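Enquirer: Sequence and predicted structure below; questions after.
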Amino acid sequence: MFAVIKTGGRQFRVVPNDVLEIGKIAGDVGTIVQLGEVLVLGGDTPVLGTPTVAGASVAAEVLQHKRGPKVIAFKKRRRKNSRRKRGYRDELTVLRITEILADNAKPTIGPRPKKEKVAAPAEAAE
């Protein structure tokens, strides 16, 4: 089963366990957020929304908040010693899609437990 969701003015085709970067949304790292603007629910019998599918949502786990690559806007007017250099970095949220929900269902899958780092055994001092 797949879904087409709309967030931040962009559309994404998602299936469970997809990892995607979207514009920054509210939510702490490790929590489950619901994305409510579902345009299409796909599967054996696809459901098209008008404009959205009623009662459908997508549950996703927030993996991290980060900043995208730097985008530089440089403008120059030749022979006038006029130039302007501006840069910015987008605020992004990395999500993992946990499940696709229909009929006003609530998420049943919680966030994954974090893997603990295994420390290398220290060598015995002589």
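Expert: Happy to help now that I have it.

Enquirer: For the closest residue to residue 30 other than its chain neighbours, grab the count of nearby residues.
Expert: Distances taken as C-beta to C-beta, 6 or more residues apart in numbering place residue 111 nearest to residue 30, at 5.0 Å, with adjacent residues excluded. In this view, the C-beta of every residue, glycine as well, is placed from N, C-alpha and C. The local packing of residue 111 (other C-beta atoms under 10 Å) involves 15 other residues.

Enquirer: Residue 111 and residue 121, how far apart?
Expert: The gap separating residue 111 from residue 121 is 30 Å, by C-beta to C-beta, to the nearest Å.

Enquirer: Okay, now the unreliable bits of this structure?
Expert: For the chain, the stretches with pLDDT under 70 are 124-126.

Enquirer: Now do the contacts for the closest residue in space to residue 114 that isn't next to it in sequence.
Expert: The shortest distance from residue 114 to any non-neighbouring residue, by C-beta to C-beta, 6+ apart, is to residue 30 (7.4 Å). Counting by C-beta atoms under 8 Å, 6 or more residues apart in numbering, residue 30 touches 61-62, 111, 114.

Enquirer: Now with 10 Å, please.
Expert: 61-64, 110-114 (C-beta atoms under 10 Å, 6 or more residues apart in numbering).

Enquirer: With residue 77 instead?
Expert: Taking C-beta under 10 Å, 6+ apart, one finds 83-84 in contact with residue 77.
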